[in-house]
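1. build me a structure from this.
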Amino acid sequence: MPVWTSIRTRGKRLSTPALPQFAVDSCSSNRPDTPPGPPRAGTLAPDARGATPHAGKLGSRKEEDTVVSDGMSTGTSSGRTQSAILLPVPEAEELVGPFRTQHDPVAIAGVPAHITLIVPWLPPSEIRPSDLADLGEVLNGVTPFDFALRRVSWFGRGVLWLAPAPTEPFTKLTAVLSERFATPPYEDEFDEIVPHLTVAHATDGSELDAVAKALSEALPIDCRAEQVWVMVGDGRLWTVRERYSLSAPCEENTFNS
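-> Numbering: from 1, shown residues only. Below is the predicted model of the structure:
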């Protein structure tokens, strides 16, 4: 059973959480990077929801919202204020960037190619310096780790995404974060959390077949997890609230074992 299914004090901060051994070690402290850099902004569009439970995407979808490839309306917004903890994947930008710009409105909302760890996190207006410090403490024992984007997959025929391997570092980190802050991913809606990098949305997946083919031909992409970001959205725009470097000087990466 996922660790977040047992949490009943959703959204309430845990004062003395019992973190798994792989999450905390004797590495040096991980403080929020300062300055966080210029915020990224754009238009936040809704997430595509299919029959298959999934994670790693920001926003929510309404049936009347439509994603189009020849220009995305500024009105296609989730309408929610929320925050997210994500892991950016800059190595994928060259390949997925053009496709995300056309088929993933959250890309022009300021969100880079990424794998989401927790969404929603804390309400943006309630994020305190102590929360950011607590997050840094959780990330203290996490060293940079290698992974690869090896295959193309779908959620139904509406969401096209790339699968990272191995998945364990992402699922372990999500479990630790959800327990520390009592914020289960997707508000405990799904039984299974699937780490992934979303590339494109479509109301009819057939229009993405060419995109899927182009992605498959360019894989695998070797990546390295080196940062974790906190991003906040106002229902239309997403900006970077804080960046953390994964730089604990450990001999062995405990999240990739």
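
2. what's the one helix or strand Ser178 maps to packed up against?
-> Under the criterion DSSP states H and E, the helix or strand holding Ser178 is helix 168-181. For helix 168-181, the elements it packs on are strand 114-118, helix 129-138, judged by 3 or more Cβ pairs under 8 Å, 6 or more residues apart in numbering; DSSP states H and E. Using the backbone N, CA and C atoms, a C-beta is placed for each residue, glycine as well.

3. mind listing residues that contact the host helix or strand of Leu160?
-> Under DSSP H and E, the secondary-structure element containing Leu160 is strand 159-165. Outside of strand 159-165, the residues that reach it under the criterion Cβ atoms under 8 Å, 6 or more residues apart in numbering are 48, 50, 54, 56-57, 92, 96, 103, 115, 147-155, 170, 195-202, 205, 208, 211-212, 215, 219, 221, 223.

4. let's see it at 7 Å
-> Outside of strand 159-165, the residues that reach it under the criterion Cβ atoms under 7 Å, 6 or more residues apart in numbering are 48, 50, 54, 115, 147-155, 170, 195-201, 208, 211-212, 215.

5. list buried residues within those residues.
-> Taking 16 or more other Cβ atoms under 10 Å as the criterion, what is buried in those is 48, 54, 115, 147-149, 152, 154-155, 170, 195-201, 208, 211-212, 215.

6. now do the strands in this protein.
-> With DSSP state E as the definition, the chain shows strands at residue ranges 82-88, 114-118, 145-155, 159-165, 197-201, 221-225, 227-233, 238-245.

7. next, format the ones you listed as JSON lines and append mean pLDDT and distance to Leu139.
-> What follows is the strands of the chain, written out as JSON lines (pLDDT from 0 to 100; distance: least, Cβ to Cβ, whole Å):
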{"stretch": "strand 82-88", "mean pLDDT": "96", "distance to Leu139": "10"}
{"stretch": "strand 114-118", "mean pLDDT": "96", "distance to Leu139": "10"}
{"stretch": "strand 145-155", "mean pLDDT": "97", "distance to Leu139": "12"}
{"stretch": "strand 159-165", "mean pLDDT": "97", "distance to Leu139": "18"}
{"stretch": "strand 197-201", "mean pLDDT": "96", "distance to Leu139": "20"}
{"stretch": "strand 221-225", "mean pLDDT": "98", "distance to Leu139": "11"}
{"stretch": "strand 227-233", "mean pLDDT": "97", "distance to Leu139": "6"}
{"stretch": "strand 238-245", "mean pLDDT": "96", "distance to Leu139": "5"}
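
8. lovely, talk soon.
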